[in-house]
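Colleague: take this sequence and fold it.
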Amino acid sequence: MTAPVHAVPLLFPTRDNELVVGGMPLTQLAARVGSTPFYVYDRQLISERVAQLRAALPQGIHLHYAIKANPMPAVAHHLAGLVDGFDVASVGEMQVVLDTAMAPEKISFAGPGKKESALRQAAAAGIVVNLESEREMEILARAGAELGLRPKAAVRVNPDFELKSSGMKMGGGPKQFGVDAERVPAMLARMKQLPIEFYGFHIFSGSQNLRAESIMEAQRNTFDLARRLAQEAPGPVRLLNLGGGFGIPYFPGEQRLDLQAVGAHLATLMPDARRDFPDAEFVIELGRYFVGEAGLYVSRVIERKESRGQIFLIIDGGLHHHLAASGNFGQVIRKNYPLLVGNRVQPDGEATFASAVGPLCTPLDVLGDKMALGHAQEGDLIVVLQSGAYGLTASPTAFLGHPAPVEVLV
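Modeller: Numbering: from 1, shown residues only. Alright, predicted model coming up:
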């Protein structure tokens, strides 16, 4: 029986039927790293993605990187020279980006349930806090008063619309994120009485969206909502975060986002937006779109095993390192990430089925189920594509006590 070929396009070049990453054959890179499994991120692909966005989006749109997609310090330092700002979702991420060259006022801090200590640290650092509740606003004001500062703050709004067709909806309806749009005016009225420097609004409605029409509609609704809320604001809007939502293809049948269409539509909205918000920086905040396709997860075949007619490639990596590829990070029905044999990209003959499974003592530890991997032999390198975002740090690395993988930027 033959196996279907995965439809996700391969952005990495090949040489002599072997992947080339950062100008280096994969087997040489594995020798340089010294052990498997490992994650590798290609800095050139990251840089090219930023350049593609700059070219497609209207002039003057500011690009912010959401660190949660991949908080590796080397990745953050590389992006600090390419993007206009960072968004963090924890004190740990804040500490990573404060070590980069990014100016503090270009860093924003989002996420529900911020502790008092975290809000105090953010105020002291001079970054912009995206307030997710009235509680956070009051605590931030107290922290600023104690420190003799006027903390910078934007209101994260839970909009009264959603980003349709999103892989993960983060706005619209009841949500733990942000302040319900209908409650924001009262919050802004209270803010006028507090020693807080109002920066603007963060309106993020969803992520991992491949439908340009859905993103266009959400951006149009975002501007309309911001106009309504700005009438109650304690000062001019200096920051309008339009969210992001730009997705990347993972599974067969998915089509790449039409970035040109998104950019062209946004360009039609910008003249009115610049007129209505003359002091504002307009931000598109993206995570996986910058780094997702630039990353690989590489593991080695320990054993090729047959069980009742099915071939299993037992590899030294698994769900403890790459939960998303196992289907246990948000998938309702498990679908395979794109996998290939990195040092034998194309088989010599007809492609055949094999399953790539990890070393963990659980049937959930499957990274590729019945895929075109049957030509792999013991010692070969199995590669999971689309692994630059929500990989290592989104995985249960302590599960069963196996060592953590190395991460490299090349």
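
Colleague: elements contacting the helix or strand containing R135?
Modeller: Assigned by DSSP states H and E, R135 belongs to helix 134-147. Packing contacts for helix 134-147, counted by 3 or more C-beta pairs under 8 Å, 6 or more residues apart in numbering; DSSP states H and E, involve helix 116-125, strand 128-131, helix 184-191. For every residue, glycine as well, the C-beta is placed using N, CA and C.

Colleague: again, only this time at 10 Å
Modeller: helix 116-125, strand 128-131, strand 152-158, strand 179-180, helix 184-191 (3 or more C-beta pairs under 10 Å, 6 or more residues apart in numbering; DSSP states H and E).

Colleague: ok, residues contacting it?
Modeller: 112-124, 129-131, 133, 149-153, 155-156, 179, 183, 186-188, 190-191, 193-197 (C-beta atoms under 10 Å, 6 or more residues apart in numbering).

Colleague: sort out which residues of it are buried, please.
Modeller: Neighbour-count burial for helix 134-147 flags E136, M137, I139, L140, A141, R142, A143, G144 (criterion: 16 or more other C-beta atoms under 10 Å).

Colleague: T362: which of the helices and strands packed on helix 134-147 is closest?
Modeller: Of all these, helix 116-125 sits nearest to T362, with 34.5 Å by C-beta to C-beta.

Colleague: average pLDDT for that closest one?
Modeller: On average, the pLDDT along helix 116-125 is 98.

Colleague: which elements pack onto it?
Modeller: helix 91-98, strand 107-109, strand 128-131, helix 134-147, strand 152-158.

Colleague: restricting to C-alpha, output that helix in CSV.
Modeller: As requested, the backbone C-alpha atoms of helix 116-125 are provided in CSV (Å, rounded to 0.1, in the frame of the first residue of the first chain):
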residue,chain,number,x,y,z
GLU,A,116,0.5,42.0,41.7
SER,A,117,4.3,41.3,41.6
ALA,A,118,4.2,41.0,37.8
LEU,A,119,2.3,44.3,37.4
ARG,A,120,4.8,46.0,39.6
GLN,A,121,7.7,44.6,37.6
ALA,A,122,6.1,45.7,34.3
ALA,A,123,5.5,49.2,35.7
ALA,A,124,9.1,49.5,36.8
ALA,A,125,10.3,48.2,33.4
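
Colleague: so Q95 makes contact with I127?
Modeller: No: the pair Q95 / I127 is not scored as a contact, 11.3 Å apart, by C-beta atoms under 10 Å.

Colleague: okay, and the common contacts of these two?
Modeller: Listed as contacting both Q95 and I127 by C-beta under 10 Å, 6+ apart are V88, Q121.

Colleague: so for these two, which sits in the more crowded spot?
Modeller: I127 (26 against 13; other C-beta atoms under 10 Å).

Colleague: just list whatever residues bridge to the nearest residue to the more buried one once chain neighbours are set aside.
Modeller: Once flanking residues are discounted, I127 sits nearest to I107: 4.2 Å by C-beta to C-beta, 6 or more residues apart in numbering. Taking DSSP bridges, one obtains F86 as the residues bridged to I107.

Colleague: find me the pLDDT at I107, would you?
Modeller: Taking I107 on its own, its pLDDT is 98.

Colleague: measure it to R54 for me?
Modeller: 20 Å (C-beta to C-beta, to the nearest Å).

Colleague: so for those two, which sits in the more crowded spot?
Modeller: I107 (24 against 14).

Colleague: pretty sure that one sits against V128.
Modeller: Yes: assessed by C-beta under 10 Å, I107 is found in contact with V128 at 6.9 Å.

Colleague: so what's in contact with these two at the same time?
Modeller: Common neighbours of I107 and V128 (C-beta under 10 Å, 6+ apart) are G85, D87, A122, K152.

Colleague: most neighbours among those residues, which one?
Modeller: Most surrounded of the shared contacts of I107 and V128: other C-beta under 10 Å gives D87, at 29 neighbours.

Colleague: residues in contact with that residue?
Modeller: 64-69, 93, 97, 106-111, 127-128, 130, 202, 204, 241, 244, 283, 285-287.

Colleague: let's see it at 8 Å
Modeller: H64, Y65, A66, I67, I107, S108, F109, A110, N130, N241, E285 (C-beta atoms under 8 Å, 6 or more residues apart in numbering).

Colleague: same question, L269
Modeller: Q219, R220, F223.

Colleague: still on that earlier bit, which of the contacts of D87 lies closest to P249?
Modeller: Set against P249, the nearest of the contacts of D87 by C-beta to C-beta is A66 (19.2 Å).

Colleague: tell me the pLDDT at the closest residue in space to the closest one that isn't next to it in sequence?
Modeller: Excluding its sequence neighbours, the residue lying closest to A66 (C-beta to C-beta, 6+ apart) is G287, at 3.6 Å. At G287, the predicted lDDT confidence score is 97.

Colleague: what is the burial count for G287?
Modeller: G287: 23 neighbours (other C-beta under 10 Å).

Colleague: mind naming the longest strand for this protein?
Modeller: When the chain is scanned for its longest strand (criterion: DSSP state E), the result is strand 295-307.
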